[in-house]
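Trainee: for reference, the sequence and a predicted model appear below.
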Amino acid sequence: MSARDERPGRTVRKAVIPAAGQGTRFLPATKAVPKEMLPVVDTPAIQYIVEEAVRSGLSDVLMITGRNKRPLEDHFDRNVELEIGLEAKGDEAKLARVRESTELARVHYVRQGDPKGLGHAVLVAEQHVGDEPFAVLLGDDIVDPRDPLLDTMIEVRERLGGSVVAFMEVPEDQIHLYGCAVAEPTDVEDVVKVSGLVEKPKREEAPSNLAVIGRYLLDPAVFPVLHETPPGKGGEIQLTDALQVLARGDGPGHGVHGVVFRGRRYDTGDKLDYVKAVVRLASEREDIGAELRTWLGENFAPGAGAGS
């Protein structure tokens, strides 16, 4: 799908990708390279996120960036010298891959300035988004393209209005790592009505095992609420605080639903999960997958000796 493609009838056209974080969990690799540019096999993590948006018809993408994020802009811009060199060599396959990121979407950039949390990053997008509903995709979560989460969220938004949040069921001993939903079932399987959100609750205080993952579909009614949301822990404006207000209100654009996602998701924000994501996605590749699976079996199967 090129940057010119848009799905007719869709009320959601724009995606916002917050990308201003410093990536301190991946130091020293992120000392000079943005964490969003860390490769998952041979593709930067950020490109997976943009591709996901485009697959769902969201070809207008705004990245919320900060200092030292220029490589993001360079990646989605043309590199004429590289293209000329590949063309001269007749390497059409690599040339197509290089041009692919440039032609994916209309990508815009704005700096967040002070890093005041996810709610603040969303506020920075207000002028670009205007009065339209929009998606927010966090770069740490890669959703497998075979499991179209955003399409489902858009369908729920078009049917029920308001905002939509993606959840996954997690073990009780992990719920303290996430925002957690106060929710009740609806008559649609894996769609819940959200009445509240608790940010990183203690295990014994968690209202459910539904954890917020990095996909939101927000009504523009979130902007005036965020303007009135005071900073919380760490001086940050929490998006979950604004969603609490929208969930409990009954005005235009209010109301929050959740989609319980049961597909494949890869967490690239944690070092161990990042490595797992690379191995899993690489093992499914047509070009290297078979050889990698053989190597893994020979070296890491039960009873196998130390790898070489």
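Mentor: Sure, I can see it.
Trainee: you'd agree V61 is up against A105?
Mentor: Yes. Contact criterion Cβ atoms under 8 Å: V61 and A105 qualify, at 4.7 Å. For every residue, glycine as well, the C-beta is placed using N, CA and C.
Trainee: okay, and the common contacts of the two?
Mentor: V50, A53, V54 (Cβ atoms under 8 Å, 6 or more residues apart in numbering).
Trainee: in contact with the residue nearest to L292 when sequence neighbours are not counted, which residues?
Mentor: Using Cβ to Cβ, 6 or more residues apart in numbering and skipping the chain neighbours, the partner closest in space to L292 is S283 (5.1 Å). Each residue near S283 by Cβ under 8 Å, 6+ apart is listed here: G289, L292, R293, L296.
Trainee: and the third one, what pLDDT?
Mentor: Spelled out, that is R293. At R293, the pLDDT value in this model is 95.
Trainee: equivalent analysis for the last one, please.
Mentor: Here, the pLDDT recorded for L296 equals 94.
Trainee: what's the answer for G305, then?
Mentor: 60.
Trainee: equivalent analysis for S2, please.
Mentor: If you check S2, the pLDDT there is 44.
Trainee: find the nearest non-adjacent residue to V136, please.
Mentor: Among residues not flanking V136 along the chain, Y216 sits closest, at 4.2 Å (Cβ to Cβ, 6+ apart).
Trainee: name the element that neighbour belongs to?
Mentor: Y216 is part of strand 210-218, with elements assigned from DSSP states H and E.
Trainee: tell me the mean pLDDT for that strand?
Mentor: pLDDT averaged over strand 210-218 gives 94.
Trainee: pretty sure V165 sits in a strand.
Mentor: Yes. Counting by DSSP: H, G, I helix; E, B strand; the rest coil, V165 is part of a strand.
Trainee: okay, now the nearest residue to it once chain neighbours are set aside: neighbour count?
Mentor: Using Cβ to Cβ, 6+ apart and skipping residues adjacent in sequence, the residue nearest V165 is G258, 4.9 Å away. The tally of other residues near G258 (other Cβ atoms under 10 Å) stands at 24.
Trainee: is it true that G258 touches F167?
Mentor: Yes. Look at G258 against F167 with Cβ under 8 Å: they come within range, at 4.9 Å.
Trainee: for those two, list the residues in contact with both.
Mentor: Common neighbours of G258 and F167, using Cβ under 8 Å, 6+ apart, are A181, A183, V192, L210.
Trainee: of the residues you listed, which is the nearest to V245?
Mentor: Set against V245, the nearest of these by Cβ to Cβ is A181 (15.1 Å).
Trainee: give me every residue that touches the residue nearest to V136.
Mentor: Neighbouring residues of Y216 by Cβ under 8 Å, 6+ apart: A135, V136, S163, V164, V165, A166, L239.
Trainee: okay, buried residues for stretch 122-136 please.
Mentor: V122, L123, V124, A125, E126, V129, P133, F134, A135, V136 (16 or more other Cβ atoms under 10 Å).
Trainee: okay, those in a markdown table with pLDDT next?
Mentor: Below are those laid out as a markdown table (pLDDT from 0 to 100):
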| residue | pLDDT |
| --- | --- |
| V122 | 96 |
| L123 | 96 |
| V124 | 95 |
| A125 | 96 |
| E126 | 96 |
| V129 | 95 |
| P133 | 95 |
| F134 | 97 |
| A135 | 97 |
| V136 | 98 |
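Trainee: please enumerate the helices of the stretch 201-308 of the chain.
Mentor: Here the stretch 201-308 of the chain has its helices, by DSSP state H, counting those that start in this stretch, at 222-227, 239-248, 271-283, 289-300.
Trainee: these: which one's closest to I17?
Mentor: With Cβ to Cβ, the closest approach to I17 among the helices of the stretch 201-308 of the chain belongs to helix 239-248: 14.0 Å.
Trainee: so the residue nearest to V165 bridges to which residues?
Mentor: Taking DSSP bridges as the rule, G258 bridges to V165, V192.
Trainee: if I pick it, what's in contact with it?
Mentor: Residues near G258 by Cβ under 8 Å, 6+ apart: V164, V165, A166, F167, A181, A183, V191, V192, K193, V194, L210.
Trainee: which residues of the stretch 51-200 of the chain score low on pLDDT?
Mentor: Within the stretch 51-200 of the chain, no range satisfies pLDDT under 70.
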